[in-house]
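Participant: give me a 3D structure for the following:
(one chain, ligands or ions: 1)
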Amino acid sequence: MKKELAIAGAAAFLAATAAPAADLSQAATRAVIANPLIAPWTGPYGGVPPFDQVTPALLQPALETGMAEQLAAIDLIANDPAAPTFENTIAAMERSSHMLDRVQAMYGVFTGTMSDDAVQAVERTMEPRLAGFSDQITQNEKLFARIAVVYEARGKSNLTPEQQRLTWKYYTDFVRAGARLDAVAKKQLSDINQQLASLYTSFGQNILKDENDGVLLIDKPADLAGLPDSVREGAAQAAEARGQKGKWAVSNTRSSVEPFLTYADRRDLRQKVWQMFVDRGDTGGATDNNANITKILRLRAERAKLLGYPTHAHWRLENSMARNPERAMQLMEAVWTPAVARVHEEVADMQAIADKEGKGVRIEPWDYRYYAEKVRKEKYDLDETQITPYMQLEKLREGMFHVAHELLGFTFKPVDPGKVPVYHPDVRVWEVTNPAGKLIGLWYFDPYARKGKHSGAWMNAYRSQERFDGDVKTIVSNNSNFVKGKPGEPVLLSWEDARTLFHEFGHALHGLSSNVSYPTVSGTRVARDYVELPSQLLEHWLSTPEILNRYALHYQTGKPIPQELVDKIKRAERFNQGFKTVEYLSSALVDMKLHLAGDTPIDPDTFERETLAALGMPHEIVMRHRTPQFNHVFSGDGYSAGYYSYLWADTLTADTWEAFTEAGGPWDKAVAKRLVTNVLSVGNTIDPADAYSAFRGRDADIGALMRDRGFPVPAATAEKK
Ligand SMILES: [Zn+2]
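Facilitator: Numbering: from 1, shown residues only. So this is what the prediction gives:
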C-alpha cells in the first residue's frame, strides 16, 4: 500500500496510516511502539483489528495520536501551495482519517460491548474532545475555502459522478457544521457541541447503569409460573452470573423483560418488571436523565438557530430522503390513526379473555404482551412456545447465509479460531466471498448479552470498503443480546429475536455489498431514513417456506417446523400490528415533536405526557423508548429527529418486497440483481430517491406499507415520496 506515499503534501501522516512501521515518521514510530492500536492493521484479509491488544489504558493515547496525525495531515492539505483539485483536497481528506478511523473502530467496540469503569472514564474524557476535534476540522477556513473551490468547479472538472457526489457531501457537511459562520459563532457552536458530547455520554452511561443494576431476583419456583423452560433456563443463568446460583434473575434489558411480560402468570411481578424497565433513566436518583434531556434539547435548539435553521429537526432532515420534518410527520400521521384504531380492536380481544378469567383484570401496559399471547393462542391456535423450539440461533444463522448465497451469491466460511483476534471469547468471525470465490470482507458475530454491553442489536462497520487507493475490504459485525443458555445447548430465539437477527444481517449485507471508490460514501453510510431499507427487507426472508423448512429445525428432534405451524405463522403475521406500530410510532412522534418545539424550555416528563394525551395514545401501551431512556435520540445526534426513519424506510421495504412478489417471488434473481445494482452496492454515491426509482421504475407509495401491516389502504395512495 505504498501508493499513498506518492501523494504530495501529507506524506508523513499517510505513511502512518497504511505503510509498515519502518516507513513511519519518527514520532509516529515511537507512538506505534508504545501503542499497538495506532499501527496499521496486520495479519490476513488486508489486516484485521488487533482486538487482542486493546486495553482501556491504550484507548485514550491512541485517540490522541490519531487526532494529532489527522490534524497534521489536514494542515498540509489546507496549506498546499498547489491550486485546489479534487485529488489534492477531497481525496486527500479521504486519506487523512485512516489512523483515527482504525482507533475509533476499536474504541467503539469497547464502549458499546465491553464497557467497564475504565472504558467509561475514557469516554467521559474523550467524547467532548472528539467533538472539539471535528469542529477544528470543519472550522478550518483555508480547508473549507479549498473544498468550496472544488465544489464550485465540480461540474466542469471531469470528475466521475461519485467524485461529484463526494465533493457535494464534503461541501454541504462543512456548511451544515458551521463552516460559513463568523469566528464568534464558530466558537459558540464548538462550545455547544462539546457540552452535548458530555451530555450524550452521561445519558448513555446512566441507561447502561440502570440496565446493569436493575434486576428482579426470584427465589421461589412458584413465582416462575407460566414461563417456558427456555426462559427459566436463561433466568437461572443470569442469576448465576450475578453470583446468585439457585435463583432466577430477570435482568433490566429488553431480551429478559419482554419474555417475562409475555408469559409470567404473576401479574404483580409483571408489573414490577415492567415498572423497572420503563423507569430506566427516570428513577429520580443519580442515573436520572431528565435534566440531561432538558439541557440537550436547549443546546440543540440553540445550535440550529446558530446554523440558520428554524429547529433541530429541520437541520437534521435537510439531507435525508424525507428532506423536511413536514413530510416525515405527514407519513407518521397517515399511519398513526389506523394503527390506534387497530389497538382498540386488539385490546377488546384481550379484555374479552381477561373477563372470562373473572379476576377483574382491566388491561394495563404490563398485561399487553401476556394477554396478546393468549389471544394469539385462541384466534390463531399459535403460541410462541410452539415456535421457539424450532428457532435455533445457529441454524437460523445458516439460514441467513443461505439467503445471502441465493440472492447475492455470497459464501460464508468460518475463520479458524485464533486466526483473527477477537475481543471476547463469544465472538466468531466468517470470511465472505463472491461467486468468483473472491474475498469481499469479514463478518464478526457477537450474539450474547453480557455485563457492559449495550442492550439492543446493531451492525457496526470496523472498516468501510474503498478502492481509490487499492482494494480495501469491508469488515462488519453484527451484535445482539440473546440470552446465552447452558454450555453446549442450543440458544433458542423468539420469533421477534429471529427477525432482529435477520434485520441486522441485512445491514451487514449492505456493508458487504458495497462497491464504491471512496469510504465516506461507502456501504451503509447513507441517509438515515434510507439505511433501514436493506435491513427491514431481509426480515421478510425469515418467514419464507424455503428458510423455515430447511433451517427452522426442532432443537431435540432435528425435524423441520411442521407445515401446519408455518401456515399458522403466516395467518398470524398481521397479528398485534396495532401494538407494534403504536409502540414504535409514539416514540417517533415524541422524538420529532421534541425537536420541532424550538427553544421552548422542555420538561421531558410533562412534554411526553401532554404529547401522548394530545395524540390519543392508548393507555394500555407505553412508548417503545420513553424519553429518559431514548438512546437513539439522546446518546448522540444519530437518530435525533430521526426515529421516524424506520417507518420511512419501511414504506420502501414493503414496496421492495412487493417488487419481489410481483415478479417470481422472494428468490427472483432479476429483482435481486436490480436491488444490488441500484441500492445495495452504491452506498451514498447517488441520491437515494433516484436510486430507489431506478430500482423500482417509479417512486414508492404508502399502499404496500399499509397492506403489509393489514391497515386500510388510503383511497388515493398519493403519499408519494
Ligand atoms: Zn436497523
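
Participant: where in the stretch 401-550 of the chain is pLDDT low?
Facilitator: Nowhere does the stretch 401-550 of the chain drop to pLDDT under 70.

Participant: host element of whatever residue of it ends up closest to the ion?
Facilitator: Nearest residue of the stretch 401-550 of the chain to the ion: Ser535, at 4.2 Å (Cβ to the ion). Using the backbone N, CA and C atoms, a C-beta is placed for each residue, glycine as well. Taking DSSP states H and E as the criterion, the element that holds Ser535 is helix 532-542.

Participant: so what's whichever residue of the stretch 1-150 of the chain sits closest to the ion scoring on pLDDT?
Facilitator: Using Cβ to the ion, the single residue of the stretch 1-150 of the chain nearest to the ion is Gly112, 14.7 Å away. Gly112 carries a pLDDT value of 93.

Participant: quick one: it is in a strand?
Facilitator: No: Gly112 is assigned helix when assessed by DSSP: H, G, I helix; E, B strand; the rest coil, not a strand.

Participant: I'd guessed it sits against His454; true?
Facilitator: Yes: under the criterion of Cβ atoms under 8 Å, Gly112 makes contact with His454 at 5.4 Å.

Participant: so who does the residue of the stretch 1-150 of the chain closest to the ion touch?
Facilitator: The neighbours of Gly112, taking Cβ atoms under 8 Å, 6 or more residues apart in numbering as the test, are Lys453, His454, Trp458, Asn460, Asn479.

Participant: about what we covered before: shouldn't the residue of the stretch 401-550 of the chain closest to the ion be in contact with Thr500?
Facilitator: No: counting by Cβ under 8 Å, Ser535 sits too far from Thr500 to count as a contact (9.7 Å).

Participant: what touches both of the two?
Facilitator: Joint contacts of Ser535 and Thr500 (Cβ under 8 Å, 6+ apart) do not exist.

Participant: picking that back up, after the helix holding Ser535 comes which helix or strand?
Facilitator: Following helix 532-542 in sequence, per DSSP H and E, is helix 545-551.

Participant: helix or strand right after that following helix?
Facilitator: helix 563-571.

Participant: how many residues are close by Asp229?
Facilitator: Number of residues near Asp229 (other Cβ atoms under 10 Å) recorded here: 11.

Participant: one more: Pro50?
Facilitator: Neighbours around Pro50, by other Cβ under 10 Å: 18.

Participant: and Val215, by the same measure?
Facilitator: Val215: 19 neighbours (other Cβ under 10 Å).

Participant: with adjacent residues omitted, what lies nearest to it?
Facilitator: Ala249 (5.2 Å; Cβ to Cβ, 6 or more residues apart in numbering).

Participant: any residues touching the strand or helix carrying that neighbour, and which ones?
Facilitator: Element membership for Ala249 (DSSP H and E) is strand 248-251. Taking contacts as Cβ under 8 Å, 6+ apart, the residues outside strand 248-251 that touch it are 211, 214-219, 223-224, 232, 235-236, 238-239, 241-242, 256-257, 260, 273, 449.

Participant: of the residues you listed, list those near the ion.
Facilitator: Checked against the ion using Cβ under 5 Å from the ion, those yield no neighbours at all.

Participant: could you identify the buried members of those residues?
Facilitator: Buried by 16 or more other Cβ atoms under 10 Å: 211, 214-216, 218, 223-224, 235-236, 238-239, 256-257, 260, 273, 449, out of those.

Participant: contacting residues around Arg303?
Facilitator: Leu189, Ile192, Asn193, Leu196, His312, Trp315.

Participant: cool, and Val526?
Facilitator: Gly683, Asn684, Pro688.

Participant: sec struct for it, please.
Facilitator: coil.

Participant: shift numbering so it begins at 835
Facilitator: Happy to do that; since the first residue is 835 now, the last one works out to Val1360.

Participant: can you report phi and psi for whichever residue of the stretch 1435-1555 of the chain sits closest to the ion?
Facilitator: Per Cβ to the ion, Tyr1480 is where the stretch 1435-1555 of the chain lies closest to the ion, at 7.4 Å. Main-chain torsions, Tyr1480, degrees, to the nearest 10: phi -60, psi -40.

Participant: could you find the closest non-adjacent residue to it?
Facilitator: Counting by Cβ to Cβ, 6+ apart, the residue nearest Tyr1480 is Glu1366, at 5.4 Å.

Participant: where do the helices sit along the stretch 835-984 of the chain?
Facilitator: 845-852, 860-868, 890-912, 926-930, 932-947, 951-972, 975-986 (DSSP state H, counting those that start in this stretch).

Participant: now do the stretch 1085-1234 of the chain
Facilitator: Using DSSP H, counting those that start in this stretch, helices in the stretch 1085-1234 of the chain cover 1088-1097, 1101-1112, 1124-1140, 1146-1151, 1159-1191, 1202-1214, 1218-1221, 1227-1242.

Participant: lowest average pLDDT across these?
Facilitator: helix 1218-1221 (a mean of 87).

Participant: so which residues make contact with that one?
Facilitator: Pro1062, Thr1096, Tyr1097, Glu1207, Arg1210, Ser1328, Trp1329, Ile1395, Leu1399, Ile1403.

Participant: can you tell me which of the residues you listed has the most neighbours?
Facilitator: Thr1096 (23 neighbours).

Participant: what sits against the nearest residue to that one once chain neighbours are set aside?
Facilitator: Using Cβ to Cβ, 6+ apart and skipping residues adjacent in sequence, the residue nearest Thr1096 is Arg1203, 4.4 Å away. Arg1203 is in contact with Glu1092, Leu1095, Thr1096, counting by Cβ under 8 Å, 6+ apart.
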